[in-house]
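K.L.:
Here is the input, now give the coordinates:
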Amino acid sequence: MEHVFDSLVQFWQFTGFANCTWQHVTMIVIGLIFITLGIVKKWEPLLLVPIGFGIIIGNIPLFVDPATGLGLKIGIYEEGSVLNILYHGVRNGWYPPLIFLGIGAMTDFSALISQPRLILIGAAAQLGIFGAYLLALQLGFLPNEAGAIGIIGGADGPTAIFLSSKLAPELMGAIAVSAYSYMALVPVIQKPIMLLLTTRKERLIKMQKPREVSQKEKIIFPIVGFICTAFIVPSGLPLLGMLFFGNLLKESGVTKRLAATAGGPLIDVVTTLIGLTVGASTQANVFISSRSLMIFGLGLVSFVIATFFGVCFVKFMNLFCKEGHKINPLIGNAGVSAVPDAARVSETVGLEADPTNHLLTHAMAPNVAGVIGSAVAAGILLGFLG
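P.N.:
Reported below is the predicted structural model:
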């Protein structure tokens, strides 16, 4: 009988109930909120559902031997576990370039090629990254940590993961979850800022229809674009190379199967793995801290600054544009890298002002420029701080 009782006691010690803390419960609730927002609100479900479930997986309380400090070798931070092996793709920066390959294979750069001046909006929006970098330094973060935190302002989850894996791997969980959270909240955060910074007259500006772009231009653009950006920022090579290569696969017309794979099954698999493992990396004992809260706050500030500068830069450009060639400031928010959600926000707010004024095509130009811009900004930070 005593043996049975001892066995039951030992069994209890290995259960999640025996090892649970309020921090575990808090993180599980956060995971449930992510899943709810993805399913009910349909806010970036392809990101929030995997991340939310990953948060739950990573915060199931596990037994740790108090004498040796060893666990069951199934946690994401325990070398050799299945989750740990999958997490190598995040920790070593393997997944983000593959995501960029898929993005390139799905992206049409026609809007940017036909209106090259709009690339400046994508560049202006990256000021949010450097603004948050300076703020993080003031709050006591080390330069490499501040650089990794600042990239959240680009609203680009893969870029945030890539840079934090190189500069501040210990902050990767908070940075990645923050970046993906704000990507999902693009409509909620950006719309009030856009309305605050623009007048009704500006919101009613109708832009000229973009010119038709030839297939030859579409093929030349990723080659020339890669060479130019890579020569300027060689440290951005992994992201920029895969982005432009994926786009060349799409536009060449002779590699349709490769483009379809990169922009379909491959990016779906990698997105699933990156979401699940990033979520699982937010273990309560690692994630819940004042630094994590500061990172979330700085990420929001970075995103707000990026949106602010994007919209304001369009207003500045309009000072030099002739009547009939002015740019609707509502597309300034699309300078961040959240493709195509930021462009959809431009379209939605524009239609609310004028149901006949479609801005989506125009907004896609700074939006894809923002993808390039965030990768260039990451390369700059990696070059200086890596």
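
K.L.:
Which SSE is immediately downstream of the helix or strand of the chain with the lowest mean pLDDT?
P.N.:
Across the helices and strands of the chain, mean pLDDT, DSSP states H and E gives its lowest value to helix 2-14, namely a mean of 69. Next in sequence after helix 2-14, counting helices and strands by DSSP states H and E, comes helix 16-19.

K.L.:
surely L248 meets I220?
P.N.:
No: L248 sits out of contact with I220 when judged by C-beta atoms under 8 Å, with a separation of 9.8 Å. Using the backbone N, CA and C atoms, a C-beta is placed for each residue, glycine as well.

K.L.:
ok, now how distant is the closest residue in space to A184 that isn't next to it in sequence from A136?
P.N.:
Leaving out its chain neighbours, the residue that sits closest to A184 by C-beta to C-beta, 6 or more residues apart in numbering is E44, at 3.8 Å. For E44, the distance to A136 equals 25 Å [C-beta to C-beta, to the nearest Å].

K.L.:
R117: neighbour count?
P.N.:
Neighbour count of R117, defined by other C-beta atoms under 10 Å: 12.

K.L.:
Check N92 too.
P.N.:
Going by other C-beta under 10 Å, the residues that sit close to N92 add up to 11.

K.L.:
Not counting its neighbours along the chain, what's nearest it?
P.N.:
Closest residue to N92 apart from its sequence neighbours, by C-beta to C-beta, 6+ apart: S165 at 6.5 Å.

K.L.:
ditto for T36
P.N.:
G52 (7.9 Å).

K.L.:
next structured bit after the strand or helix carrying the one you found?
P.N.:
Using DSSP H and E, G52 sits within helix 45-58. Heading C-terminal from helix 45-58, the first helix or strand you meet, by DSSP H and E, is helix 82-91.

K.L.:
Mind listing what's buried along that next one?
P.N.:
The neighbour-count check on helix 82-91 (16 or more other C-beta atoms under 10 Å) flags 83-84, 86-87, 89-91 as buried.

K.L.:
chain center to stretch 101-117: distance?
P.N.:
18 Å (C-alpha atoms, centre = their mean, to the nearest Å).

K.L.:
actually stretch 314-331, sorry about that
P.N.:
Centre-to-centre, stretch 314-331 and its host chain are 28 Å apart (C-alpha atoms, centre = their mean).

K.L.:
Mind listing what's buried along that stretch?
P.N.:
314-315, 317-318, 326-331.

K.L.:
quick one on the thing from earlier: including distance to G236, could the buried residues of helix 82-91 go into TSV?
P.N.:
Shown next, in TSV, are the buried residues of helix 82-91 (distance: C-beta to C-beta, whole Å):
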residue	distance to G236
L83	29
N84	28
L86	26
Y87	24
G89	19
V90	19
R91	20
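
K.L.:
Any figure for the gap between the residue nearest to T36 and L37?
P.N.:
Per C-beta to C-beta, G52 is found 8 Å from L37.

K.L.:
quick one, which of those two is more surrounded?
P.N.:
More neighbours surround G52 than the other of G52 and L37, with 26 against 19 (other C-beta under 10 Å).

K.L.:
Distance of the more buried one relative to F287?
P.N.:
Going from G52 to F287 by C-beta to C-beta gives 14 Å.

K.L.:
what's the answer for S337, then?
P.N.:
24 Å.

K.L.:
So between the two, which is more surrounded?
P.N.:
S337 (32 against 20).

K.L.:
What is the longest helix seen in the chain packed up against?
P.N.:
The single longest helix within the chain, with elements called by DSSP state H, is helix 290-318. Packing partners of helix 290-318 (3 or more C-beta pairs under 8 Å, 6 or more residues apart in numbering; DSSP states H and E): helix 119-125, helix 127-138, helix 143-150, helix 172-184, helix 186-197.
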